[in-house]
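1. Below: sequence and its predicted model.
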Amino acid sequence: MEKAMIEATEKQLDLLWHTLGLCAERTDRRSISRNYFLTSPGYDDANNLDVLVAAGLMTCGKAPAFCPQDEVVYRATDEGKRFALDKLPPPPPPAKRTRFDEYLDECECYDGFAHFLGINMPLYQQRGEWRGREYRMVRYPRDSVYRQYRRHYSLTQWSPYETLEVAGEWAPTMKEAKASYKAALKQFRARPKLPANDFERLYSA
């Protein structure tokens with residue numbers, strides 16, 4: 001009997017797997033979790049399931065009382081269960097973990113994804129009163145106590161004596177401040193790299 005079912009179509013095998021709650025593409029559905037398939041006689045699913053019944057891999061019976069009584073319930077036999085499990089392909093390899101997956105595992109230890117990645121985020125500074133308010137985007141050195149890991153839009157408490165790594169010009173809008181910062185950042189990145197012992201001297205000049 002089993003030899004005949006080796007020629008089972010992909011459709012019939014999928015129906016048998018679905019009956020038992022199995023899924024070849026999912027690692028979490030590789031064991032039997034149910035055993036029923038409800039359908040109506042004469043439909044394509046029923047015709048394919050009848051082939052499995054004839055092969056001794058399934059049975060069919062009357063639908064439960066809460067279902068339409070013109071439907072039929074198919075269930076896998078013990079032989080059908082073994083056949084379904086034997087026909088499962090090797091489980092797919094686990095999905096490659098990303099840095100964001102790693103972050104989610106310990107996100108409570110960080111102030112956002114940028115903090116986890118060690119990204120030095122720029123900040124907005126603000127000065128002036130309502131009608132004359134100006135904005136500037138800056139980035140602190142990585143060892144600065146003022147460094148933040150989320151972009152702030154209301155950073156009003158700052159000092160002109162703080163050391164900045166990159167600073168745009170003051171502008172009347174945040175959009176203009178951001179454009180100025182991008183230009184300053186481009187210049188910063190274009191500067192020749194200094195030896196480690198010259199880094200402190202550069203920022204103390």
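-> Sure, I can see it. Predicted, not measured: the structure shown is a model, and the values here were computed from it. Numbering: from 1, shown residues only.
2. starting at the chain centroid, how far to stretch 19-38?
-> Remark: stretch 19-38 is offset 24 Å from the chain centroid, using CA atoms, centre = their mean, to the nearest Å.
3. Pull that stretch out as CSV, backbone CA atoms only.
-> Taking Å, rounded to 0.1, in the frame of the first residue of the first chain, the C-alpha atoms of stretch 19-38 are listed here in CSV:
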residue,chain,number,x,y,z
THR,A,19,-4.7,17.7,8.0
LEU,A,20,-2.0,17.0,10.6
GLY,A,21,-0.9,20.6,11.2
LEU,A,22,2.4,20.0,9.4
CYS,A,23,4.3,22.5,7.2
ALA,A,24,7.4,21.7,5.2
GLU,A,25,8.5,25.3,5.1
ARG,A,26,8.3,26.0,8.9
THR,A,27,10.6,24.7,11.6
ASP,A,28,7.9,25.2,14.2
ARG,A,29,5.4,22.9,12.5
ARG,A,30,7.3,19.7,12.1
SER,A,31,5.3,17.6,14.6
ILE,A,32,1.6,16.6,14.5
SER,A,33,-0.6,19.1,16.2
ARG,A,34,-4.1,18.1,14.9
ASN,A,35,-5.9,15.5,12.8
TYR,A,36,-8.9,16.7,10.8
PHE,A,37,-9.8,18.2,7.4
LEU,A,38,-13.4,19.4,6.8
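4. Identify the residues contacting the longest helix seen in the chain?
-> For the chain, the helix that runs over the most residues, judged by DSSP state H, is helix 174-190. When contacts are defined by CB atoms under 8 Å, 6 or more residues apart in numbering, helix 174-190 is touched by residues 122, 124, 134-139, 153, 165-171. The C-beta positions use only the backbone N, C-alpha and C, and glycine is treated the same way.
5. low-confidence ranges in this protein?
-> 1-7, 148-155, 194-205 (pLDDT under 70).
6. how's it carved up into domains?
-> Following automatic domain parsing, one gets these domains for the chain: 2-86, 103-204.
7. Figure out how far the shortest one is from the centre of its chain.
-> Read it as domain 2-86. 33 Å.
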